[in-house]
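**Student:** my questions are about this predicted structure, shown below with the sequence.
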Amino acid sequence: MTINTKIQEHINKNRNENGNLPEYSGKDFSSDQDVRWCPGCGDYTILKQVQNIMPDIGVPKKDIVFISGIGCAARFPYYMDTFGMHSIHGRAPAIATGLKVTRPELSVWIITGDGDSLSIGANHFVQLLRRNVDVNLLLFNNKIYGLTKGQYSPTSHEGTVTKSTPYGSVDHPFNPVALSLGADGTFVARTMDRDPRHLQAMLKRANDHKGTSMLEIYQNCIVFNDGAFELFTDKKSRPKEAIYLEDGEPLIFGEENTKGIRLDGLKPEIVSLEESNYTKDDLWIHDEKDATKAHLLSRFFDEPDPRAETPQHMPRPFGVLFAVDRPRYDEGVNLQIEETFRRKGEGDLDELLRGPETWEIK
Amino acid sequence: MAAKKQVKEEVTIRFAGDSGDGMQLTGSLFTNTAALQGNDLRTLPEFPAEIRAPAGTVPGVSSFQLHFGSKEILTPGDICDVLVAMNAAALKANLDLLRKGGIVIANTSGFDKKNLNLAKYENNEVSPLEDDTLSEYSLIEIDVTKITREALSDSELTFKEIDRCKNMFVLGFLYWMYERPLDSTIRYLKDKFSGSPEIAEANVTVLKAGYNYGETTEVVSARYTVKEASLEPGTYRNITGNESTVLGLAAAARKSRLPLFFGSYPITPASDVLHGMSKLKNFGITTFQAEDEIAAVSSAIGAAFGGSLGVTSSSGPGIALKGEAIGLAVMLELPLVILNIQRAGPSTGMPTKTEQADLMQAMHGRNGESPIAIVAPKTPADCFDTVFEACRIALEHMIPVMYLSDGFLANGSEPWKFPQSGDLKDIQVEFEPARDENAAKFLPYVRDERFVRHWSIPGTEGLEHRVGGLEKEDETGDVSYDPDNHQKMVKMRQAKRDKIADYIPLQQVDSGNEEGEIVVVGWGSTYGSLSTAVHELREEGMDVSHIHIRYLAPFPKNLGDLLKGFKQVLVPEINNGQLVSLIRDRFMIAARGINKIKGRPFGVEELKQEIRKAASAKVNS
Ligand SMILES: Cc1ncc(C[n+]2csc(CCOP(=O)(O)OP(=O)(O)O)c2C)c(N)n1
Ligand code: SF4
């Protein structure tokens, strides 16, 4: 119990009498605004899948809020028929924190790009994860600045040639899932625009998680960085280059699922299930709650080096790398308020104004 | 021979010592006692930005000035009557603030060779207590350190703990000199050290030792009484500006019946507001110590979007960081209160020193045409009413409001005849109600007669809508790059801000006539000095009036007409001339500035001189 405020009254007054959730379809979540991304932009499928899962999350439209920063991706809220705010570059996590702490009953989604949340907003990004505010953050990673027309971003690999790096970038990139784990994120997952089913499944998992859900989505920017994730999205190379994680299941990938990953101590090793004596039982079993293994998985980040003779490298993990429960900031703040309220009762303004010592002038 | 007794109308005491000597506490305790005795008073704490600057040096000196009296007291006093100098550096740094003939109370053990060296006295062979440095003053020498140790010779405390009690000796001695009771200080000590009764006991013992020292030795020939001031009848408490800011916010939350969300990042001299707010959880107040000022203001905007009273606080450097987000709030047309407890700039400037140099920043410190409302309190107690007004304007006009306090107000204190909660007006807030499916499309940027849009919060059926920093179409709020629409919206946001002028009081003349020869126009913390100076000049027969502006944006509707009733408009400010530019620009008046930029408030005498000088200079010369 806390103070009965006008917000509370307003919400109570406007409560749906029968309390039933309206029957929505995905279309109910598309706003009347024309979508203005470039034709073929990966953002379209992400929008579509988000709209598709909305009817299933069990929250009325009026209680859903999308908050974004700036960038192509950040236009997203305009296209959702929910509450939304397109804010300023990099600050969506901070805005969402203020909203979620004061209105914990809302379902709050942050939409952000790799520039938005890993350069200008990197501070807020890591603080959000460490605090574990109960919001969902969708990180649209296209490894480029789209809206400002194609400069390299903090996820672009070294040597990326762009207008601002004509001789190739010399910056070392962030690995967003490793960064999130480093910030003690409680839900860290990766998916891609070109696999709508997986994307949908991950969106639902992100929604179900209590705490900050960080879902990195590989998103193709067809204009400035086309094919950046082709290795993982192309049907031919995907089996070799991507590994889909399932909780409790062994790490298997490759064409016809012929390869596995086993742990030699703390060292991951690719083994062939055809040409060696290893069987499924010898493989690394994915455990979403195991932080050490999650860190190892996050380090599967190398790309094939075409110059190497036997290009041995780890496949890129997709799915939920890590998901654990930890107290949430918004919950903690409100518990403390309730506890103070229980102990002291509603604050007496007159007593507060009087202060500890007074005197009379007659 | 008993000391003879004298009655004084007003006294200014300056407590000065090393940062570790507890001078701020000593000053505050004397202040509380004086307040409880019914004196009117004002204080000026001054301390270094470093937590423990090198002990014994001049940069390490911390002082606290208290001006109290049986008459109306509006300033902490230009110069003091009594200077407590706990060491040589304290004397060196403060002697020019003691009036000729004033009393120096010196702790002799702070004047040994080591201290003279540290204080960089040119001649470290002879103490200034012994040469002719103090020939024009009366000197009371006490070996405070030694007597404190003696008083606690039976104590189990360590030497360090014992030495830390020496400020209580001085306080006790001054209580004797000014015939003050010890009880409120004893209560305070017992409460503060309730966890370690030995320390409480030691402090009380030394406090009493100081009092008895006055009683039994004959170092002082006179004791002074300062009678109760003839303040308006009522119940009073003592309060600093930051404290009353906290109370004003709590009151605004209660009177708007909204939860208050306070997002902040620590910075001198604003941090105490964060500290104060974080205690008030059972007043429906949530505080968030953000990772930086940008996150602080952004979180407050998020909370405001959700229907809370969103407040953020900082000082100049932090306000600079908040600029972009404040612009967003202008665009979103959400209520937001931004507290700027100003300090001397630019950049990090002088963190613990006062200045009023952020007015232009408040007015223009954002990209694009980005009008907000601005208010400024004039005294520590007035912080309460002014911050309450800031909240009212923000909520009733859906606009960011900047509140410009400063270090002098923040830490200075005065007696406050505090209001009853029932006397405070309600702040009118109504959220846009739910709409059913058949209602026409919801238009989030439709306005009322004050040009104010409705507050439409998440959780309300049928109001789903998007807001953002991109220019928006009139009424629908949809993104628009239409040229005519942009011009219309820029003008609209300005008109909305200006319209606030219809909902604030007209400007009053604080003292003097409504028209005449000279008007002195001020804002913010200069009130006390300006008011006192103008009163005294009027007693000398000068035709001078005083106007003090609380509402800086928009200005009260009658301000221009009022100013035009005077031949000369003088604008004293603790900056290089900001309000004066705004006045010139807005009213095309040949206003002239009087500017002091030393990190300290105006003294009354210096102001009087400047006003006299300006008055005799030819206008437009
Ligand atoms: C304070 C500020 N700095 C710079 C910009 C310019 N800007 C807009 S979007 C952007 C980068 C966006 O990149 P990303 O977050 O990767 O999003 P994308 O456009 O690729 O979806 C920049 C630098 C801005 N809007 N605001
Ligand atoms: S620039 Fe790239 S990211 Fe932006 S809309 Fe076009 S394709 Fe999408």
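**Tutor:** Ah, there it is. Ligands and ions are numbered 1, 2, ... in the order given.
**Student:** could you use CA atoms for every contact and neighbour count after this?
**Tutor:** Noted.
**Student:** before we move on, what SS does the closest residue to ligand 1 within the stretch 251-400 of chain B have?
**Tutor:** Minimum separation of the stretch 251-400 of chain B from ligand 1 (Cα to the nearest ligand atom) falls at B:Glu324, amounting to 7.5 Å. Using DSSP: H, G, I helix; E, B strand; the rest coil as the criterion, the local structure at B:Glu324 reads helix.
**Student:** burial count for it?
**Tutor:** Other residues lying near B:Glu324 total 19 when counted by other Cα atoms under 10 Å in any protein chain shown.
**Student:** if I look at it, how far off is A:Asp234?
**Tutor:** As defined by Cα to Cα, to the nearest Å, B:Glu324 lies at a distance of 41 Å from A:Asp234.
**Student:** circling back to that earlier point, which residue is the nearest non-sequential neighbour of the residue of the stretch 251-400 of chain B closest to ligand 1?
**Tutor:** Leaving out its chain neighbours, the residue that sits closest to B:Glu324 by Cα to Cα, 6 or more residues apart in numbering or on different chains is B:Arg366, at 6.4 Å.
**Student:** whatever helix or strand A:Leu296 lives in - contacts with which helices or strands?
**Tutor:** Following DSSP states H and E, the helix or strand that holds A:Leu296 is helix A:291-298. In this structure, helix A:291-298 makes packing contacts with helix A:176-182, strand A:316-323, judged by 3 or more Cα pairs under 8 Å, 6 or more residues apart in numbering or on different chains; DSSP states H and E.
**Student:** mind listing what the spatially most central residue of chain B touches?
**Tutor:** Most central in chain B under Cα atoms, centre = their mean is B:Leu409, positioned 1.4 Å from the mean C-alpha point. Listed by Cα atoms under 8 Å, 6 or more residues apart in numbering or on different chains, the contact set of B:Leu409 reads B:Thr240, B:Gly241, B:Asn242, B:Lys378, B:Thr379, B:Pro380, B:Ser525.
**Student:** separation between it and A:Lys27?
**Tutor:** Separation of B:Leu409 from A:Lys27 (Cα to Cα) stands at 56 Å.
**Student:** so what pLDDT did residue 136 get?
**Tutor:** Picked chain A for this. pLDDT for A:Asn136: 98.
**Student:** if you could check chain B rather than the one you did, that'd help
**Tutor:** At B:Glu136, the pLDDT value in this model is 95.
**Student:** could you give the number of residues near it?
**Tutor:** Residues lying near B:Glu136 (other Cα under 10 Å) number 12.
**Student:** and what of the one 4 residues further on?
**Tutor:** Neighbour count for B:Ile140, taken as other Cα under 10 Å: 15.
**Student:** my guess is it meets B:Met86, correct?
**Tutor:** No: using Cα atoms under 8 Å as the test, B:Ile140 is too far from B:Met86 to be in contact (11.9 Å).
**Student:** which residues do the two both contact?
**Tutor:** Common neighbours of B:Ile140 and B:Met86 (criterion: Cα under 8 Å, 6+ apart): B:Ala106.
**Student:** for chain B, which spans come out with low pLDDT?
**Tutor:** Low-confidence segments of chain B, defined by pLDDT under 70, are located at B:1-2, B:618-621.
**Student:** which positions in it make contact with ligand 2?
**Tutor:** For chain B, there are no residues in contact with ligand 2 under the definition Cα under 6 Å from any ligand atom.
**Student:** quick one: furthest residue from the center of chain B?
**Tutor:** Distance to the chain centre peaks in chain B at B:Asn438, reaching 53.3 Å (criterion: Cα atoms, centre = their mean).
**Student:** for it, phi and psi?
**Tutor:** Dihedral angles phi and psi of B:Asn438 (degrees, to the nearest 10) take the values phi -80, psi -10.
**Student:** for chain A, see how far away it is.
**Tutor:** As defined by Cα to the nearest Cα, to the nearest Å, B:Asn438 lies at a distance of 15 Å from chain A.
**Student:** picking up where we left off before, hmm, who's touching the helix holding A:Leu296?
**Tutor:** Residues external to helix A:291-298 that are found in contact with it (Cα under 8 Å, 6+ apart): A:Asn175, A:Val177, A:Ala178, A:Leu181, A:Pro268, A:His286, A:Asp287, A:Glu288, A:Pro317, A:Leu321, A:Phe322.
**Student:** partner residues bridging the fifth one?
**Tutor:** It refers to A:Pro268. A:Leu263 (DSSP bridges).
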